[in-house]
Structure formats: structure tokens, C-alpha cells
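In: Sharing a model that was predicted from the sequence below.
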Amino acid sequence: MDVASFLQQCGIGITSGGFLGLIAVGYTLVYGTIGLIHFAHGDVVMLGGCLSLAILSFLVPHPVDPLTGCLVIFLAAGCSGLFCGCLNVCIDQFVYRPLRNAPPLSPLVSTIGVSFVLMNVGLIWIGPTDRAFPEIFLENTRSVGGVSIAMADLLVLVITVPPVLCLYVLLRQTRFGRSLRSIAAITRVTARTGEVGKLITATFFISGFLGGVASVAAGLHATTINYQMGHQMGLYALTAAVLGGIGSVPGAIVGGLIVGLIRAISVALLGPRWAIASVFLVLIIFLAFRPQGIFGKSKMRGGQR
Amino acid sequence: MKSQRASLSHFVKWSKKNWEIPVFTILALAPWFYPVLAGGLGRQMTSVLIICIAALGLNVMVGFTGLLHLGIASFFGLGGLFLAILTVPMNPLEIGFLPAVFVSVGLTAAIGTLLGSPTLRLRGEYLAIVTLGFGEVVRVLFLNLENVTGGTQGLGPIPPPGSGMLVMGIDLGREFVVDSRWFYYLSLIVLFVVVLLVRVLERSPLGRAWIAVREEPLAAATIGISATKVRLSAFTIAAAIAGLAGCLSVASIGTTGDPNAFGFNRSVAILCAVIIGGLGSIPGTLVGVTILFGFDIVVIPSVDSWMQRMQGQLFDVSIFTLGSWRLALVGIALIIVMRFRPVGLIPSRRFAAEFQESQQ
Amino acid sequence: MTRGENTKTSDGALLSTDIPLLSIDRLTVQLGGIPLIDELELDVPVGSNVAIIDSGRGAKAALLDAICGLWSASSGSVRLDGHRLKQGFSAKTFWGVLFTGILVGLLCAAAAVDIDRLWLAVVKRGLVVDEPFTPANIGRRLRGYFRAELAVDRLAGNWRIVTADGREVLAVRRNLSEARELRNQMQAAVTARRTGPGVIPDITDLVGDANEPQRELLLDETTLDQLADGKSRIRFRGWSAFICGFLLGLGMSLAIWQRGRRSPEVAARAGVARTFRTPRNFPAMTVFENILVAVEQSVYRKSSSLWPLINKAHCIKRTEELIRSVGLADQSFSFASDLTRYEQRCLEIARGLAMDPRILLVDEPAEGMNSQQQHALASLLKDVCEGSLTLIVTSSGCDPFTMICDRTVCLSPQ
């Protein structure tokens, strides 16, 4: 593997890491507030992908020039973000909310149930086979110093970076963000009070919105989507969230980038069939050395104080 | 009249306590009264019974020790794969069925220990992801090591148990192939033994240590229970039981089949069955598996074929078959059960008490 | 300090009140950079009852946590009988670490030399040429694989001469003996190339391909070089992967061991029992079982036999004794979650005693109880600590529990 192709793989890794990070933020936010691994998140993202596929194939049946393409993509990302956000909020309201005080594994089963339902919806919506994402640009790749960059990948970066920055500002600078970070510990007790309830709803909306944006990026990057995409992406993103330390937002993004890089490099070195195995092997080895993940807080007194 | 009622209530009480005796008697007698069980339905029932065994193994881990395990199907698959490697005529080993079962259960348990020892100090969610990842790694290995595992086709044909053995003039191997009742009984016996084993384990000092670690890890540590060792034992036992189930499954089907069947979906389905049945409760696990997998394996195909026979034209469209809504039906069932019975259908006494305390 | 003589105290005769059972030396515990406990010095002699008083809540709990290993101190040490409450690097640990290292190394090596191809070469190819599956044959095939020797394989009725990993087909023959002959000659050429310049053998009478007679034999200079190179390549790959994996395994197991060294169970085994401020019992177990677990653990530890072999009757007898001693006899089959605060506290103390501890740490027993219960509990504690059992009680002020103590330590400086 020479330098140019290595750089190329790194580029692919970073772009895919970008949207994996966004999805991972969704997992991490929900986990951080109500302590639940939201297994259906990947499938919410998949449905967002279905919607953006419908929008894009309706608006751009033929390739267009970059500016229009960008606008259309932003539109699609916004729509699917809103859709996923609302979907996520609905799921929370109707399924998880009654279970706030149930034993910890019960909501988990509900998330799995929701995931099955959503997967089935996706199956009915786009059918059992791969569906190609429409070509949007006239010019597909551009070569910079021997490294060819796909336009779609550039666009992925363009649409994944702003949400991350917004999220950063939201969490760091606003009252909402501060209260979001402080409720994690008390949720189980006070879930029924209004303030916390609103915060949880907002969390679900944000995580869904980011997932929806990521779904467009994922579709552009992979050029196809299918109804099992959610499961695949969910696995990678969950790994990213855990690698970064579940509950930590910067951890999720860094974890996403790392997972994306590992995946791209292992695809280049060993072939695509070993990608998922190498990602998980790295995770297992890493957790042996640092069991709380990169940014996770180390446990104190067995996790509860 | 009164004495009759008294004896009836006595019987109900007795069978609540010793529920396995009537249940297993009914299951054992069923093939005589319901001859359909000798055919395809019997095969489907057998696979439900086998999944019950694997679910009991998972119950040791999730129910008794309280660790979330999302990779049980990989151990199920590993057990089957080892059995296949040891017995198929393609490979030169070809040791008999029984020794192969012992060896493959041992190997599966060893692999469980190996995976568990570096990871069992992890917090719950982290452990869940590691087991999930292990499941995926195993699936990918199955798919890619084509010379060892046979890739997507799987290894086969696996000689049935007791092939070439003549007992009272009956060729056992042939009987196992011809009549599905043989496997039905084999699975039933193994299931019975596993139920007893899990019961004994639950009431042993080790079982108490499991429950102590689940309920109050700090207090358990301060009385000298090493959480890691105790969890490791549960992990190993779960792996071994799942491996045993895998052996049976592979032997009854005759090949290891598509490795994708040992992936995340199967693991999660077994986990869901355990949880909707009631964590830590043996009858609950059996009921959960019967409902979830019985619906998936037995009900859906038969309803679909029945609908097809009724009106061939209309139900040709895939949207109108039950099969294409299978996932959604299972999903809705899971959501509803959890909504109205968050502790499961038949919660164990202990778990109910623990839940009650956390509610206060 | 004079720690040397303390190591002899195991025979019990040397135990005297002037040698401290628990000695805390310059202990500092921090929470987020703020010291909760700063350079604490405390010696607790055997059989004494010590009350630790502090108005705040954090420092007392932190001290008890540091003693029983739930929380690691940032500096300083806690010693029981002159031993630090840490797991030592025993022979068992050494073998465990070494075993893990070798195992991970082997796994890595297996991945590096391509276990799939190895299986093909050793098992499958043996079946193809109908060789019996004996250890000698397996050994020969294994050696052949690692020396990157050529091999004979069959596909669709033809015999093929392939490289060890079966990737490249060098020639195809219809006849097995002919193929073997050709393979031997080619192998000889490869071996010659490995040691010296070697020459391409004169195998003109065998040249050609069974199916395509016009095709030339694939054994020119570059192929020969590649084949000769294969041996060092596979060995390099295997050994480097083994060494990397070995180091990785060592690192992993050492990291895990290091993390688990100062765990509460180590302290518990050394004889430190504790109770918590809010009682932590096993809610879904009966009172009887709650204590039975602890009794079984201590019996199991002492007897060092297997689980099923511990003396059941003895355990049950001891449990009943303990339940009676704390006055829970009529509650013994109700769930721990149904008990009152006072009873839970008693249960916790009984559970601690079940381990036959040398030192009992009781964290704020006064909390959540009326004065009558406080007095009852204090007299209970006094009773159980009659002998050589050492007691450390924390408290936020003067209460019945400080009365039963013969020494009071105030944590806050005022």
C-alpha cells in the first residue's frame, strides 16, 4: 500500500467516520439521559435514508451542477432530519415513556421490538434489495495529487460538520445543554416531572435529527441503501459510541472517526469481508486496556456512589 | 364435592411447584396423540425445543447474573460447528456423535471462558457490545474460513447420532433420519436434563453468589465474592449450554447451514424470549421461547401455506402474506408485552421482589 | 517503620495490643482533585473500638472505602497486620499472564499464516490423496506448509501441483505418480534455489500441461525465486505475528490484573467486613439466604475445596446462629426488601460477621433510626465485638455508638 492509496483510504475513513460519529452521538445522547441503549436508532436512520432517497429521486432525476446539487442535498438532509427527529420523539412518547421505571432490561426489549417494526416498514417501503442512491453530480471525482476524491465524499463532510458544530455550541453554551448534562444521574427518579420530560424529548429529537442528516451522508457515501442498512450502521455506530465512552458526545465523534478509519484501512488491507470483524477486535482489545472508553469516566465504587 | 375441589387445588399447587413433570409428560406423550408431529411439524417443534435449551443457557447469564449478553447465538453456532468438524465424513476425524458432543461443548465453554476473562470486568453496556461484537466476529469467521467451515453452504452431511449402531435390530442412524420423533425425544430429554441442571445450579452456593452479584455488586464484593470469577462461571456455563443446543440443532438439521443464522438477529431474538418470559425464571424462559419462536417457526409458515391454499390469487402478493410482516408482528408483540408486563410473563419470585424494591 | 516483626504474627502468639492491627499511613484520598482526606495517620490496635467523627459526609465514607478497597487512595497506604490490602503477583498470576500471552500470540500467528489455507493443506489435501490421518502424516504436512513446499492436489479429476497454500497452480497432470514425480523434481529445484543459485531443472520430458500441451511449465526464474522466498515469508509472518500477539496478550492481561488488584474482595478475604450507610442487602433473597451467601463464601475460602464439597450442614448451622445473635430469628424467611431500616442494619452486620472478620467497619449506623433503635444497635455491636474483633464506627456526632468506643478520632481539623 503506497502513500497515495493510504491517504485515499484515510479520506474514505474520515468521511464514513463523520456520519458514523453523528449516528453514534444519537446513541450516546439517549444513553446519557435515560441510560438506555436505543437499538432502534440505526433503523430510524435507515428510514431517514429511505425518505431522502425518495426526495432526491423526485427532485434530481438527472445529475445537476454542484451548486444546485448542494442545495438539494441540504434540503433532503433537513427533511430527513426533521422526519427522524419526530419519529424518534414519537417512539419515545409511545413506547419508552411508560417504561421509565421498569426493570432496566425491559425498555431494551422494547427498543429491539421497535427496531423490528421499523425494519419491516423499511422492507415494505423500499423492498428487499439494494436501492441505488441517485447520481447528483455531473463530475464524480476530482484528483488532487494522485488522491482521487469523490464529490459525494466531500459533500458528506460538508453536511456532517455543521451539525456537529451546532451540537457543540448547543451543549456547551446554552442552559439547555448544561441541564442536559446534569440530568443523567437523576432521570430515573424524576422522569415524570415536566422539566426533565421536556429535556428527554429534546434529546430524542436531536439524536433523531443528527441521525437523519447522517442517513443522507451514508447514502451518498455508500451509493446504495437497503432495509438492513440500519442494522449495519447501528452496529458500527454503537461500537463508535462505546469506543469513545458511552455518554460522552466528543467521545462518540472521535469514536466514529476511529471506527471509520479502522474500517477503511481493513477494507484496503484485508478486503471488505473482514471489516466488521477487525473493528470489533480492535474494540475488544482496546476495552481490555481502557474499559471506560476514550472519554468515559472511570467508574467509582462499582459504578454507583 | 368438597374433597374433590380440595384435591384439585392441591394438584394445582403441586403442579405450580413441580411444573416440569406435567409439562414434560404432555410433551412426551404428544407424538402419540398427534401423529402430525412425526412429520414437518415435529421438526419445527424440535427446533423450538432446542432453542429453549439455548435460552436456558442465556438465562443463567442474563437472568441469574444480570449481565447483558448479545452474542448467545454465536456460541450456539460454535457448538454446532465443532460438532460438524468432528463428525462429517469430509473431515478425517469422524469421531462418534457422543464424544463429539462432549468435545464440542467443552471447546465452546473454553472459548466462552477466553472471551469472558478479559471482558467481564466491563460495565453492563460495554459487556453487551463486546458480546455483540464477538458474535459478529464469529459470524464473519464462519463465512470467511471457507475451507474449515464450508462458508455459506455450511458443513454437512452430519451423520445422525448412533449411525451404524444396531440396537435390537433397529438401525438407529436410519431411524433418526426417517422419523423426526427421534430427534424430538432426544431434544426433549436434553431439555429436561438442562432444566434440572439449571434448577440445581440456581439453588447451589454458586447460584446464590450469582444472584448476590446481580443484586448488589458492592455488597457482594465486601463479603469476598469475586464478581469476575462468579460472572466468568456463569458465562462459561451459558456458553456450554448454548453449545450443547447448537450440537443438537446441527445434528437434527444435518448441516451447519448458513452462518448468518447465528448472527445478531438470532441472539437478540433469544434474549427477547428470555426477557418476555421473565428474567431468572425457568418456566418463563420456556414460555417465552415457545411464544416467540413458536410463532416464528411454526405459526407463520403454516398460516401462510393455509392462506395460499384458501385463495391462491390474492395472497400471491407478498404484502398480503404473514411472512412479510413477520418482523413487525414480533416487534409489536415485544413492545406490548413489555408495556403491560415489564417483569415478564412468568417472573421469578426473586426478580419480582427486586423490582418491587427498586420501585419504592 | 518496624514492619518486619509484624509479618511473624501469623502464629497468633505474638498478637498483642501494642502492634496495630490496622495501620493507616499518610493516606490521601481525592475526589476530583480536592482532597477528602489529607495525610491521615491512624493505628488501630486489635480488639479496640474506634469511632470516627466528622460533620461532613464524604470523608468518612471515603476513609472506609479506602480501607476496604472500594476506592483507591491517591497516596499513602493501608496495612492490615503489616500487609497491604493488594493482590500480590503470585505464581498463579504469572502463569495466567504467560498463558494468555502465548494464547493470544498463537491466535495472531494463526491469522497471519492463514489458518484457512493451513487447514486446506493439512486436512483436506490429505484426504484428497487418500493418506491415512496419522500423527506422522499430519506432522509432515504441517512441516511442508511452514517450509512452503510444493504439494499435489486434485481438482475435477486432474492432479495439480500447487504451492503450499494452494494459491498458485504450477502444472496439471492426469496421473498421480507422474504428478508426484514432477512435484519432487520441482521441489528439488526450489530447495536448491534456497541454498544457492540453483538451476531450473531439466524436466523436458514432463514439460507441458495435461490439458494444454502447448502451455509451458510455469517454472521460470522469477517463479522459482518466489517459491524459494515463500519459506522465509511465511516464517517471518508467523513469528512476527506470534511475538506481537504475545506482547499484546501480556499487556492486556497485566493491565487487567493491575486494575483488579485493589478490589474489595481482596480486603474482604484479608478479614475486613463493612456495612454501608444506606444498607445494601440482597433484596430478593431471604434473610437466611443473605447470610448464607456470606457464610458459604467464608467456608469455601477456608476449605479451598470445590463448590459442591463444602459442608452444607455446617453452613446452615452457622447461619442460624448468626441470625439468632442479631435477633432476626423470626424474620429469617422474609425477603430482605421487606425489612425495616433497623432490621436491615442488623442483617448487614450479621452478614459482615459471617465472614469471621478481624475488623468490622460500620458506616453511620445512627442514620435513619430513632434513639431507642440506636441504643439497641449499639449494645448489639458491643456484644459482637467482645472478643478480638476490632470495630470502626463512623458517626456525625455524639451518639450511642461513640459511647461504646474506647477511642474517638476526629477527621476534620477543627
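Out: That came through, no problem.

In: Test my guess that residue C:335 contacts residue C:283.
Out: Yes: under the criterion of C-beta atoms under 8 Å, residue C:335 makes contact with residue C:283 at 6.7 Å. For every residue, glycine as well, the C-beta is placed using N, CA and C.

In: gap between stretch A:93-105 and the chain center?
Out: 23 Å (C-alpha atoms, centre = their mean, to the nearest Å).

In: wait, stretch C:374-393
Out: For stretch C:374-393, the distance to the chain centre is 36 Å (C-alpha atoms, centre = their mean).

In: And residue A:144, what's its pLDDT?
Out: You'll see residue A:144 listed with a pLDDT of 69.

In: Mind telling me what element residue A:129 is part of?
Out: Following DSSP states H and E, one finds residue A:129 outside all helices and strands.

In: mind listing what it touches?
Out: Under the criterion of C-beta atoms under 8 Å, 6 or more residues apart in numbering or on different chains, the neighbours of residue A:129 are residue A:226.

In: what are the phi and psi angles of it?
Out: phi -100, psi 170 (degrees, to the nearest 10).

In: Residue A:222 versus that one, what's the distance?
Out: Using C-beta to C-beta, to the nearest Å, we find residue A:129 at a distance of 14 Å from residue A:222.

In: anything in the strand or helix carrying residue B:276 sitting right up against chain A?
Out: Per DSSP H and E, residue B:276 falls inside helix B:264-277. Yes: using C-beta under 8 Å from any C-beta of the partner chain, helix B:264-277 reaches chain A at B:264, B:268, B:271-272, B:275-276.

In: What of stretch C:46-66?
Out: Yes: judged by C-beta under 8 Å from any C-beta, stretch C:46-66 and chain A are in contact via residue C:65.

In: Quick one: end-to-end length of that stretch, please.
Out: Using C-alpha to C-alpha, to the nearest Å, the end-to-end distance of stretch C:46-66 comes to 19 Å.

In: Could you pull out the buried residues of it?
Out: C:46-54, C:59-66 (16 or more other C-beta atoms under 10 Å in any protein chain shown).

In: So which of those sit within helices?
Out: Using DSSP state H, the subset of these located in helices is C:59-66.

In: and residue B:88, backbone torsions?
Out: phi -70, psi 150.

In: for chain B, which helix is longest?
Out: helix B:227-253.

In: That one - contacts with which helices or strands?
Out: Contact partners of helix B:227-253 among helices and strands, from 3 or more C-beta pairs under 8 Å, 6 or more residues apart in numbering or on different chains; DSSP states H and E: helix B:40-59, helix B:72-87, helix B:97-119, helix B:181-202, helix B:205-215, helix B:217-222.

In: right, so these: which one is the most enclosed?
Out: helix B:72-87 (a mean of 29; mean count of other C-beta atoms under 10 Å in any protein chain shown).

In: Give the other helices and strands that that helix contacts.
Out: Helix B:72-87 packs on helix B:40-59, helix B:97-119, helix B:124-144, helix B:146-149, helix B:227-253, helix B:264-277, going by 3+ C-beta pairs under 8 Å, 6+ apart.

In: Without its sequence neighbours, what residue ends up closest to residue C:165?
Out: Take residue C:165 and drop its neighbours on the chain: the residue closest to it by C-beta to C-beta, 6 or more residues apart in numbering or on different chains is residue C:117, 4.1 Å away.

In: can you tell me the average pLDDT over the host helix or strand of that neighbour?
Out: Using DSSP H and E, residue C:117 sits within helix C:115-119. On average, the pLDDT along helix C:115-119 is 87.

In: Now do the buried residues in the helix or strand that that helix is followed by.
Out: Once the chain leaves helix C:115-119, the next helix or strand it forms, by DSSP H and E, is helix C:125-128. Neighbour counts over helix C:125-128 (16+ other C-beta under 10 Å) mark C:125-126 as buried.

In: Which residues does helix C:125-128 contact?
Out: So helix C:125-128 is contacted by B:90-92, C:133, C:137-138, C:141, C:151-154, C:166 (C-beta under 8 Å, 6+ apart).

In: what's in contact with the very next helix or strand once past that helix?
Out: Moving toward the C-terminus from helix C:125-128, the first helix or strand encountered (DSSP H and E) is helix C:135-146. Under the contact criterion C-beta under 8 Å, 6+ apart, helix C:135-146 has outside partners C:113, C:117-118, C:121-122, C:125-126, C:131, C:149, C:151, C:164-165, C:231, C:234-235, C:238.

In: For helix C:135-146, list the C-alpha coordinates in CSV.
Out: The C-alpha trace of helix C:135-146 is given here as CSV (Å, rounded to 0.1, in the frame of the first residue of the first chain):
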residue,chain,number,x,y,z
PRO,C,135,0.2,-38.0,13.5
ALA,C,136,3.2,-38.7,11.3
ASN,C,137,1.3,-37.6,8.2
ILE,C,138,-0.1,-34.5,9.9
GLY,C,139,3.4,-33.6,11.1
ARG,C,140,4.8,-34.0,7.6
ARG,C,141,2.1,-31.9,6.1
LEU,C,142,2.5,-29.2,8.8
ARG,C,143,6.2,-29.1,8.1
GLY,C,144,5.5,-28.9,4.4
TYR,C,145,3.2,-25.9,4.9
PHE,C,146,5.6,-24.0,7.0
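
In: Wondering if the helix or strand that that helix is followed by reaches chain B at all.
Out: Sequence-wise, the next helix or strand downstream of helix C:135-146 (DSSP H and E) is strand C:151-155. No: Strand C:151-155 lies apart from chain B when judged by C-beta under 8 Å from any C-beta; the minimum separation is 12.0 Å.
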